[in-house]
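# with the input below, show me the fold.
(one chain, ligands or ions: 1)
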Amino acid sequence: MYEYVETPVFEETELFARGIGQSTDVVQKEMFTFEDKAGRSLTLRPEGTAPICRAYVEHGMHKRAQPVKLWYWGPFFRHEAPQAGRFRQFSQVGAEVLGTDEPSADAELIVLLSQLLEGCREVSVRISSLGNPRTRSAYRDELRDWLGAREGELSEPVRARLDLNPLRAFDSDDAGTQAVMAEAPKLIDRLDDEDAEHFAAVRSLLDDAGLAYEVDPGLVRGLDYYTRTVFEFESGVLGAQAALGGGGRYDGLVELLGGSPTPGVGWAAGIERILLAQPEPVEGPPRGVFVAVAKPERREEAFGVANDLRAAGVAAELEHTTRSLKGQLKQADRLGVRHTVILGDAFELKDMETGEQREVDGVQEVLREVA
Ligand code: HAM
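From the prediction side, this is the model:
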């Protein structure tokens, strides 16, 4: 059972700078940061995991029965170049499990996200393991040296960040860099025994659940807090911004934010991208009634007719301007309603599809007709 939680839309900048990591694009370039009247630096939340861990510590959630399972949704903000599927304000739905490092928690979350994305087109999932900070740091040195010897073949942005974060080279879309990275040593081959076992256990549970996935040793997530399992769901119909959702384990984050050592794992998915990846919407049949007024003195009556229709559960639209009857029928067409009531010399009902127009008794007959 996941419990719903809401965290504030902005937090102290320090929370994100520490939690997400100084070397990430999110912290270096994408935060909407401002000062409040007291001179404190605040930031519109670019993601939800650091705030959830902050709340876990601040509200003593470690005292509850573990694990604590939380879910959230709401607006998030990143100062990125807007393009199809990438917005400066977007919506995420997310789930986090704190207080267990069991592989079953990782697998449960991955299966949960795959179920959430079931209706989306062309979904695939990649997974990997980033091990622990010790092995990662040794690997980072190894990769930096390895890439340093091939610097001439790398793109300029990758070279510029070689010292800070050589792993991001796996994310590059430059063909030369990609060719180098295909040959590069992989972190997944450098995991210690415990982390390798953990990853094998997660995979085995996913296999049992019948979930198809690809192990991608080059999977790099854009946030620094990850340890062990990482994963990303993509849709083949989204173009350049293909990621529907992703996440992973962050066993050091609660401690980094001042709590006692507490493992955690979770994901977030982009709601706008989920909508973009839905099958083309099938248009339903036209429905609803437009109430047109051909005689100004019947305006008040029209208001009552629309109210009566709505009270009976029919979507009714009233003429609120002083258009001619022709203009009103055009508006009814634009709205795509199935029928129009015309209050003129008589009480008439027009079928917008067939064009048939006839006199009716009143609202009751309209209701029988549109039922
Ligand atoms: P993330 O991969 O940075 O992870 O974001 C999750 C999802 O949010 C992306 O897969 C994407 O669908 C959506 N998203 C991100 N940026 C944008 C944008 N500018 N416009 C539209 N959609 C966007 C996280 O945020 C982590 N907090 C996930 C997590 C939870 N890891 C552990 N627990």
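# switch to C-alpha atoms for all contacts and neighbour counts from now on
OK.
# tell me which helix or strand of this protein sits lowest on mean pLDDT?
Lowest on mean pLDDT, DSSP states H and E among the helices and strands of the chain sits helix 156-160, with a mean of 91.
# which outside residues touch that one?
Contact with helix 156-160 is made by Glu151, Pro166, Arg168, Ala169, Ser172, as judged by CA atoms under 8 Å, 6 or more residues apart in numbering.
# one more: stretch 193-208?
By CA under 8 Å, 6+ apart, stretch 193-208 touches Pro103, Ser104, Asp106, Ala107, Val111, Ser128, Ser129, Gly131, Asn132, Ala212, Arg228, Thr229.
# what about Val27, neighbour count?
Val27: 20 surrounding residues under other CA atoms under 10 Å.
# which element is it on?
In the assignment (DSSP states H and E), Val27 maps to helix 25-29.
# what's the spacing between the least confident helix or strand of the chain and its chain's center?
On the basis of CA atoms, centre = their mean, to the nearest Å, helix 156-160 sits 29 Å off its chain's mean C-alpha point.
# what parts of the protein come near the ligand?
When proximity is defined by CA under 6 Å from any ligand atom, the chain lies next to the ligand at 47-49, 78, 85-88, 90, 92, 96, 243-248, 265-270, 273.
# filter the residues you listed down to the ones in strands?
Among the residues of the chain next to the ligand, the residues falling in strands (DSSP state E) are 90, 92, 96, 243-248, 265-270.
# quick one: contacts for the closest residue to the ligand within the stretch 51-200 of the chain?
For the stretch 51-200 of the chain and the ligand, the shortest gap (CA to the nearest ligand atom) falls at Arg86, measuring 3.5 Å. When contacts are counted by CA under 8 Å, 6+ apart, Arg86 touches Glu80, Gln241.
# now do Asp189
Listed by CA under 8 Å, 6+ apart, Asp189 has no contact partners.
# redo that, cut-off 10 Å
Taking CA atoms under 10 Å, 6 or more residues apart in numbering, we find Asp189 in contact with Ser129, Tyr139, Ala196, Pro217.
# do Val215 as well
Val125, Arg126, Ile127, Ser128, Ser129, Ile188, Arg203, Phe231.
# name the member of these with the most neighbours.
With neighbours defined as other CA under 10 Å, the most crowded of these is Ser129; it has 28 neighbours.
# nearest residue to Pro185 in space, please, no chain neighbours.
Nearest residue to Pro185 in three dimensions, chain neighbours excluded: Leu143, at 6.8 Å (CA to CA, 6 or more residues apart in numbering).
# what about that neighbour, neighbour count?
Neighbours of Leu143 using other CA under 10 Å come to 22.
# before we move on, what about Ala84?
Ala84 has 11 neighbours, counted by other CA under 10 Å.
# how about the helices of the protein, start to end?
13-20, 25-29, 49-58, 103-116, 133-148, 156-160, 175-183, 193-208, 253-256, 271-276, 299-311, 325-335, 363-370 (DSSP state H).
# rebuild those helices as TSV, extending it with distance to Gly288.
Converted to TSV, the helices of the chain look like this (distance: least, CA to CA, whole Å):
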stretch	distance to Gly288
helix 13-20	49
helix 25-29	47
helix 49-58	44
helix 103-116	32
helix 133-148	60
helix 156-160	56
helix 175-183	55
helix 193-208	47
helix 253-256	53
helix 271-276	26
helix 299-311	9
helix 325-335	9
helix 363-370	8
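# am I right that Met1 is in contact with Glu108?
No - Met1 is not in contact with Glu108 according to CA atoms under 10 Å; the separation is 11.8 Å.
# the most centrally placed residue in the chain - nearest residue in space that isn't next to it in sequence?
In the chain, the residue lying closest to the centroid (CA atoms, centre = their mean) is Gly270, at 1.2 Å. Distance criterion CA to CA, 6+ apart; nearest residue to Gly270, sequence neighbours excluded, is Gln92 at 4.7 Å.
# return the distance of stretch 119-134 from the chain's centre.
A distance of 16 Å separates the C-alpha centroid of stretch 119-134 from that of its chain, computed with CA atoms, centre = their mean.
# export it to CSV, keeping only CA atoms.
Written as CSV, here are the backbone C-alpha positions of stretch 119-134 (Å, rounded to 0.1, in the frame of the first residue of the first chain):
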residue,chain,number,x,y,z
GLY,A,119,-1.5,1.6,-22.3
CYS,A,120,1.4,3.5,-23.9
ARG,A,121,2.8,2.6,-27.3
GLU,A,122,6.1,0.9,-28.0
VAL,A,123,7.3,0.7,-24.4
SER,A,124,10.7,-0.9,-23.6
VAL,A,125,12.7,-0.9,-20.4
ARG,A,126,16.5,-0.9,-19.8
ILE,A,127,18.1,-1.7,-16.5
SER,A,128,21.5,-1.7,-15.0
SER,A,129,23.4,-1.5,-11.7
LEU,A,130,25.7,1.3,-10.6
GLY,A,131,27.1,-0.6,-7.6
ASN,A,132,28.2,1.4,-4.5
PRO,A,133,30.1,4.7,-4.2
ARG,A,134,33.4,2.9,-3.6
